[in-house]
Each structure stands twice: as C-alpha cells, then as structure tokens.
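Trainee: Any chance you can model this:
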Amino acid sequence: MSSPERLMNVGRLKEAEQKAKTLAIKIHGLRETLRTHTDRHRPVESIDTEVLAVTLKDLVEAKTEFEVVTDQIRALKEDLGEA
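Mentor: Prediction:
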C-alpha cells in the first residue's frame, strides 16, 4: 500500500472510530430512555407507547449503523495490518 493510500485509510479509520463512539453513546442513551419508560413500578396508564415506539425505532437504526461502521473499522484495520 502506498503512503498516500495508507494515510487516507488511517484518516478513514479515525473517522469511523469516532462515528462508532458517537453511535455507542447514542445507543446507550436510547437504551436508558427505554428502561426509564418501561420501569415496572410505573402505572400502566402512564406508559407512553408513542415514545417507546419512536425510541425503539431510533435504537434499531443506530444499532444497524453501528454494525456497519464496526465492519468498516475491522476492514480498515485489516488493510492497515492492525487486525
């Protein structure tokens, strides 16, 4: 791998790692939101299913994107000989 190509891949790797960290924080927050809204001590009447549905949809999307990014990280590390 040429030096410019390697530098480009190192840059891509750093960007992907940052994105993975951001997504992990988002996923953690969404999970906590779900936990808060599904507290077993809350009255059933107070369960906001709309909030739960939107939060779960966001969680699924973020988790899917996280998996794509972690696959990219794995491939870039392999290309850079860091795997």
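Trainee: okay, now Ala83: neighbour count?
Mentor: When neighbours are counted by other Cβ atoms under 10 Å, Ala83 registers 10. C-beta: built from backbone N, CA, C; applies to glycine.
Trainee: I'd say it and Arg74 touch.
Mentor: Yes: with contact defined as Cβ atoms under 8 Å, Ala83 and Arg74 form a contacting pair (7.0 Å).
Trainee: What ranges does this protein have for its helices?
Mentor: Along the chain, counting by DSSP state H, helices occupy 3-37, 49-79.
Trainee: mind checking how far the last one is from the chain centre?
Mentor: It refers to helix 49-79. Chain-centre distance of helix 49-79: 4 Å, with Cα atoms, centre = their mean, to the nearest Å.
Trainee: same deal with the first one?
Mentor: Taking the mean of its C-alpha atoms, helix 3-37 sits 6 Å from the chain's own mean (Cα atoms, centre = their mean).
Trainee: And for stretch 48-56?
Mentor: Put simply, stretch 48-56 sits 19 Å off its chain's centre (Cα atoms, centre = their mean).
Trainee: Could I get the average pLDDT for that stretch?
Mentor: Confidence over stretch 48-56 (mean pLDDT, whole number) is 96.
Trainee: cool, stretch 67-83 as well?
Mentor: pLDDT averaged over stretch 67-83 gives 94.
Trainee: Please export the C-alpha coordinates of that stretch as CSV.
Mentor: In CSV, the C-alpha atoms belonging to stretch 67-83 read as follows (Å, rounded to 0.1, in the frame of the first residue of the first chain):
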residue,chain,number,x,y,z
GLU,A,67,-22.7,-2.6,13.0
VAL,A,68,-21.9,-1.2,9.5
VAL,A,69,-19.3,1.2,11.0
THR,A,70,-17.7,-1.5,13.1
ASP,A,71,-17.5,-3.7,10.0
GLN,A,72,-15.7,-0.8,8.2
ILE,A,73,-13.3,-0.4,11.1
ARG,A,74,-12.5,-4.1,11.0
ALA,A,75,-11.8,-4.0,7.3
LEU,A,76,-9.7,-0.8,7.5
LYS,A,77,-7.6,-2.3,10.3
GLU,A,78,-7.1,-5.4,8.3
ASP,A,79,-6.0,-3.3,5.3
LEU,A,80,-3.6,-1.4,7.5
GLY,A,81,-2.2,-4.6,9.1
GLU,A,82,-3.7,-3.7,12.5
ALA,A,83,-6.1,-6.6,12.8
